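[1] test case, fold it:
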Amino acid sequence: MKWNGEERRPLLSHGKKSRKIKKALKRYYSEQAELLEAYRQDDEAIRCNGQDKESLVESTQSDQLLSKIVLLVNVFLLIGKGVATYLASGSSLSIISTLLDSVVDITSGLAIYLATRMILHTDPFKYPRGRKSIEKVTIMFIGVIMGLANLFVLVSSVMAIIQKKPAPQVTIASLSIILATVVIKAVLWIACYRKGTPSSNVLSIDQRNDVLTNTVAILGAVLSQIFVPQADPIAAALISGYIVYSWTSVILQEIPVLVGVSCSDQEYSRVARVIIEHSEKIRCIDTLLVYYTGHMVTVEAHVVLSEDTPCKQVHDEIVEPLQRKLECLSFVHKAYIHPDYECDGYIV
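    So this is what the prediction gives:
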């Protein structure tokens, strides 16, 4: 289309523009509704003086119990998969990959158990802020172990496909053991997912992977007997490749949190609102830093007050009450409030 001798792109039709606007408005109002609900929850948490945080200890204790159950189940499943591998004469790579997965499961379950135990038995003099962030370090450790172990199986599977190895010897008993594993792991997956804590989320990912991998192992073993012998190493490669990808994604998500990534826009807004509404004596916020130091955030706020505000009033009415308010929020670990008398643009 030309206009005054210049080539112009045609504008979007009214219908397309209308649909885009409606979609954007719907997303905007949905986000605003979520934010208002978050504000309401913050007000409730402050009113209750952060009593929800007292449930963190109970949550960690239940995490420890859950990790014990998962660890015990994994020990029995490891024995069962060892029997299944023996019955298949060690010829099925897909079954071997599930056996290796169970070995790593026990490692991860033990790591989660030890992490929760360390959190519950923290020396407050040695670790005055606690050791809750050790959960993130544990997730990284488990992810690296999982990735390396399954990378080895992936390479072995590819070599078996290239070398065209014969079909594995698979029995009904070995398949029954793997099928029972799928059922048990599905129950554990639901239990861990519904818990919703960082430690239980790690366990839920592990149980979900086990359900998928054991299902693929059964399909690979059966198809190798019915159709082509390469179905078994192909299944093993799919299992290992999926686990490597899954845990690599988890590690990449956890690294920014460990190094202090900034919080979400919604969390930032929630913190800023509490500060702004705390007192009329706060003239403005000079600097507000909200960043992750583990699974929760740390808040650093510089608030500007009148320069003739008495020191006692600054401490008793502004700094200490505001710090307590912010630490009542469910996602805030620690808050540091610095009073100032001018907006000098402090950054670090």
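[2] how about the strands of the stretch 1-150 of the chain, start to end?
    Secondary structure of the stretch 1-150 of the chain (DSSP state E, counting those that start in this stretch): strands located at 2-3, 6-7.
[3] and these, which one averages the lowest pLDDT?
    In terms of mean pLDDT, the lowest-scoring of the strands of the stretch 1-150 of the chain is strand 2-3 (a mean of 48).
[4] excluding its backbone neighbours, what's nearest Y268?
    V290 (5.3 Å; C-beta to C-beta, 6 or more residues apart in numbering). Any C-beta I mention is one placed from the backbone N, CA and C, and that applies to glycine too.
[5] repeat that for K68.
    Nearest one to K68, counting by C-beta to C-beta, 6+ apart, is Y113 at 6.2 Å.
[6] surely the one you found and L66 touch.
    No: counting by C-beta atoms under 8 Å, Y113 stays clear of L66, with 9.4 Å between them.
[7] looking at these two, which is more packed in?
    Taking other C-beta atoms under 10 Å, Y113 and L66 do not tie; L66 has more neighbours (23 against 20).
[8] the more buried one touches A191, doesn't it?
    Yes: in this structure L66 lies within contact range of A191 using C-beta under 8 Å: 7.1 Å.
[9] and H302, bridged to which residues?
    Following DSSP bridges, H302 is listed with bridge partners T287, H338.
[10] so K334: helix, strand or coil?
    When classified by DSSP: H, G, I helix; E, B strand; the rest coil, K334 comes out as strand.
[11] tell me which helix or strand the residue nearest to Y268 sits in.
    V290 is part of strand 284-292 when elements are defined by DSSP states H and E.
[12] could you pull out the buried residues of that strand?
    Buried residues in strand 284-292, counted by 16 or more other C-beta atoms under 10 Å: D286, T287, L289, V290, Y292.
[13] who's in contact with stretch 267-286?
    Residues outside stretch 267-286 that contact it (C-beta atoms under 8 Å, 6 or more residues apart in numbering) are 35, 38-39, 42, 46, 262-263, 288, 290, 297, 299, 301-306, 309, 313, 317-318, 321-322, 325-326, 329, 331-332, 340, 343-346.
[14] ok, now which ones touch V103?
    By C-beta under 8 Å, 6+ apart, the neighbours of V103 are L78, A149.
[15] and the pLDDT for it?
    At V103, pLDDT is 78.
[16] if we can go back for a sec, between the buried residues of strand 284-292, which sits nearest N74?
    Y292 (30.4 Å; C-beta to C-beta).
[17] out of everything not next to it in sequence, what's closest to E342?
    For E342, ignoring the flanking residues on the chain, the nearest one in space by C-beta to C-beta, 6+ apart is V304 at 6.6 Å.
[18] using the three-state scheme, assign V216.
    Under three-state DSSP, V216 comes out as helix.
[19] now do the same contact list for it.
    Contacts of V216 (C-beta under 8 Å, 6+ apart): S94, A235, L238, I239.
[20] excluding chain neighbours, what is closest to V75?
    I106 (6.3 Å).
[21] could you do A149 as well?
    A149's closest residue in space is V104 (C-beta to C-beta, 6+ apart), at 5.1 Å.
[22] taking the contacts of V216 together, which two end up most distant?
    Of all pairs in the contacts of V216, the most separated under C-beta to C-beta is S94 and L238 at 8.8 Å.
[23] the more surrounded of those two?
    Ranked by neighbour count (other C-beta under 10 Å), S94 and L238 place S94 first, with 34 against 20.
[24] and the gap between D101 and T138?
    18 Å (C-beta to C-beta, to the nearest Å).
[25] neighbour count winner among these two?
    Taking neighbours as other C-beta under 10 Å, D101 and T138 compare with D101 leading, 27 against 22.
[26] can you tell me how far the nearest residue to the more buried one once chain neighbours are set aside is from S94?
    Nearest residue to D101, sequence neighbours excluded (C-beta to C-beta, 6+ apart): T213, at 5.9 Å. Using C-beta to C-beta, we find T213 at a distance of 9 Å from S94.
[27] what do those two both touch?
    The contact sets of T213 and S94 overlap at I239 (C-beta under 8 Å, 6+ apart).
[28] just give me the closest of the buried residues of strand 284-292 to L154.
    Y292 (32.2 Å).
[29] need the contact list for the closest one.
    P256, V257, G260, V261, S262, C263, T298 are the contacts of Y292 under C-beta under 8 Å, 6+ apart.
[30] specify the beta-bridge partners of the last one.
    With DSSP bridges as the criterion, T298 is bridged to Y291, K334.
[31] related to what we said a few turns ago, so which of the contacts of V216 comes closest to S174?
    S94 (10.7 Å).
[32] show the pLDDT at the closest one.
    Looking at S94, its pLDDT is 76.
[33] next step: the contacts of V216 restricted to helices.
    S94, A235, L238, I239 (DSSP state H).
[34] can you pull the contacts of the nearest residue to A167 once chain neighbours are set aside?
    Nearest non-adjacent residue to A167, counting by C-beta to C-beta, 6+ apart: P229, 3.6 Å away. Residues counted as contacts of P229 (C-beta under 8 Å, 6+ apart) are K164, K165, P166, A167, P168.
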